[in-house]
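Participant: model this:
(2 chains)
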Amino acid sequence: MAGSAKKPDADATADSGAIDRRLKDLRRKLDQTKVQHDERSNRPQGRSRALGLAVRATSELVAAVIVGVAIGWGLDWWLDTSPFLLLIFFLFGFAAGILNVVRAMKQSEAELAGTENGTKN
Amino acid sequence: MANDQAHQAQGGMPDPIHQFEIKRHLDLEVFGVDASFTNSSLWMIIAAVLVSLLMIWGMGGRALVPTRLQSIAEISYEFIAIMVRDIVGASGMKFFPFVFTIFMFILFMNMLGMLPGAFTATSSIAVTASLALMVFVTVIVVGFAKNGLGFLKLFVPSGIPKILYLLVVPIEVISFLSRPVSHSVRLFANMLAGHITLKVFGGFVTMLIGTGGTLAAVSIFPLMMAFALTALEVLVAFLQAYVFAMLTCMYLHDALHPGH
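Facilitator: Residues are numbered from 1 along each chain as shown, chains lettered A, B, ... in the order given. Prediction:
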């Protein structure tokens, strides 16, 4: 009787030990897949953001120069002051382009800082 | 397809610009303006219909455990909703439908353009410029409606000597006017350049195979390049739709809060 009572008890401890081990195993696997998933979802995002930024900076600069030249050329044509206003507005356009690029960079920097904080939390 | 083969027969290399040719399906004139139904219009309509179907059909079930379509619809909603809330602010959520429509429409036009034989509507400057001008006009109207003449503060930064206004105001005005230009040219140029590159590398493959012999074996290299470029183009297609929507949000933010 005493022997048979002991047996299920030992079985129970062995069972709970096995369950604990399996739980730990599962948790480890889950953590691993979570990390992998995070890396997978983060990496292309960073790359695509850099690519987008590069494309954005060039187009901002070029667009402002084009608009500046167009305004200068139009005013010259209207006021008959060729080529002075074209030159002045070309420089204005260039300055506006640089301003655009600086703003774009600042904005993306702020965005990057925001997402980094987001992932830490 | 028959047309492409004709081009190949003439010059050996398929014409990379040929894919952007606008073909009239239905001649139409409204008050003296040429409003023909073209292949570009056709693919825009397909994009609009697909977006509508995705949203209406996907959200039709409204299940707690979403189906695949519902997941796509919900993810795209959240993606744009978070972007609008972050950039424009909580008061900007009334512009969510506008931004979401623009994003989904451009995304679908770009992605449909990746299908063989499809026309990429966003590779015409007319389409992207119309979209950018729509955003530009919306920003001006909203800016003046919300802030009155205070919207002009956008051009007059505070805290600088008065003399410098002579320099800063023209620069700020040009910077503002350059927005629709860069907004539209970026999307158009990206789609155009990507599709031309793809076509050129595809053309190399057919040319090398056409010559036969050892050169035909070399054709594997441009094929690999075209394969890699296709993956890049899918990324660019998504990215450009994202950038367009994000900039729309930033401009709307300026319209609502012009004092920086």
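
Participant: Run through the helices of the chain in chain order.
Facilitator: Let's take chain A. Remark: helices assigned in chain A by DSSP state H are A:2-79, A:84-120.

Participant: actually chain B
Facilitator: Applying DSSP H to chain B gives helices spanning B:2-11, B:39-58, B:68-87, B:96-112, B:125-147, B:165-211, B:214-218, B:220-256.

Participant: hmm, the last one in reach of chain A?
Facilitator: Yes. Part of helix B:220-256 sits near chain A under the criterion C-beta under 8 Å from any C-beta of the partner chain, namely B:Leu235, B:Val236, B:Phe238, B:Leu239, B:Tyr242, B:Val243, B:Met250. (Each C-beta comes from the backbone N, C-alpha and C, glycine too.)

Participant: And stretch B:154-170, by the same measure?
Facilitator: Yes. Stretch B:154-170 is in contact with chain A by C-beta under 8 Å from any C-beta, via B:Pro170.

Participant: Show residues contacting that stretch.
Facilitator: For stretch B:154-170, contacts defined as C-beta atoms under 8 Å, 6 or more residues apart in numbering or on different chains pick out A:Phe89, A:Phe92, B:Gly143, B:Glu172, B:Val173, B:Phe176, B:Asp254, B:Pro258, B:Gly259, B:His260.

Participant: quick one: buried residues of stretch B:45-52?
Facilitator: Judged by neighbour count (16 or more other C-beta atoms under 10 Å in any protein chain shown), stretch B:45-52 contains these buried residues: B:Ile46, B:Ala47, B:Leu50, B:Val51.

Participant: likewise stretch B:67-83?
Facilitator: Within stretch B:67-83, the residues that count as buried by 16+ other C-beta under 10 Å are B:Leu69, B:Gln70, B:Ala73, B:Ser76, B:Tyr77, B:Ile80, B:Met83.

Participant: Mind putting those into JSON lines with distance to B:Asp27 and pLDDT?
Facilitator: Formatted as JSON lines, the buried residues of stretch B:67-83 follow (distance: C-beta to C-beta, whole Å; pLDDT from 0 to 100):
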{"residue": "B:Leu69", "distance to B:Asp27": "38", "pLDDT": "87"}
{"residue": "B:Gln70", "distance to B:Asp27": "41", "pLDDT": "88"}
{"residue": "B:Ala73", "distance to B:Asp27": "37", "pLDDT": "90"}
{"residue": "B:Ser76", "distance to B:Asp27": "37", "pLDDT": "91"}
{"residue": "B:Tyr77", "distance to B:Asp27": "39", "pLDDT": "91"}
{"residue": "B:Ile80", "distance to B:Asp27": "38", "pLDDT": "92"}
{"residue": "B:Met83", "distance to B:Asp27": "41", "pLDDT": "89"}
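
Participant: These: which two are farthest apart?
Facilitator: The two members of those with the most space between them (C-beta to C-beta) are B:Leu69 and B:Met83, at 21.8 Å.

Participant: circling back to that earlier point, top of the residues of helix B:220-256 next to chain A by neighbour count?
Facilitator: B:Val243 (24 neighbours; other C-beta atoms under 10 Å in any protein chain shown).

Participant: Might one say that that residue is in contact with B:Arg186?
Facilitator: Yes. Counting by C-beta atoms under 8 Å, B:Val243 touches B:Arg186, with 6.9 Å between them.

Participant: Where does chain A get nearest to chain B, residue-wise?
Facilitator: A:Ala63 (3.4 Å; C-beta to the nearest C-beta).

Participant: ok, and of the buried residues of stretch B:45-52, which contact chain A?
Facilitator: Answer for the buried residues of stretch B:45-52 near chain A: none qualify (C-beta under 8 Å from any C-beta).

Participant: can you list the residues you listed in CSV and add distance to B:Pro97 and pLDDT?
Facilitator: Formatted as CSV, these follow (distance: C-beta to C-beta, whole Å; pLDDT from 0 to 100):
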residue, distance to B:Pro97, pLDDT
B:Ile46, 21, 94
B:Ala47, 17, 95
B:Leu50, 18, 94
B:Val51, 12, 94
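
Participant: related to what we said a few turns ago, name the residues contacting each of B:Val243 and B:Arg186.
Facilitator: A:Val55, A:Arg56.

Participant: Which residue comes closest to whichever residue of the stretch 101-250 of chain B sits closest to chain A once chain neighbours are left out?
Facilitator: Closest to chain A within the stretch 101-250 of chain B is B:Ser182: 3.4 Å, counting by C-beta to the nearest C-beta. The spatial neighbour of B:Ser182 that comes closest, neighbours along the chain excluded (C-beta to C-beta, 6 or more residues apart in numbering or on different chains), is A:Ala63 at 3.4 Å.

Participant: my guess is the one you found meets B:Ser184, correct?
Facilitator: No. With contacts counted by C-beta under 8 Å, A:Ala63 stays clear of B:Ser184, the gap being 9.0 Å.

Participant: Cool, thanks, signing off.
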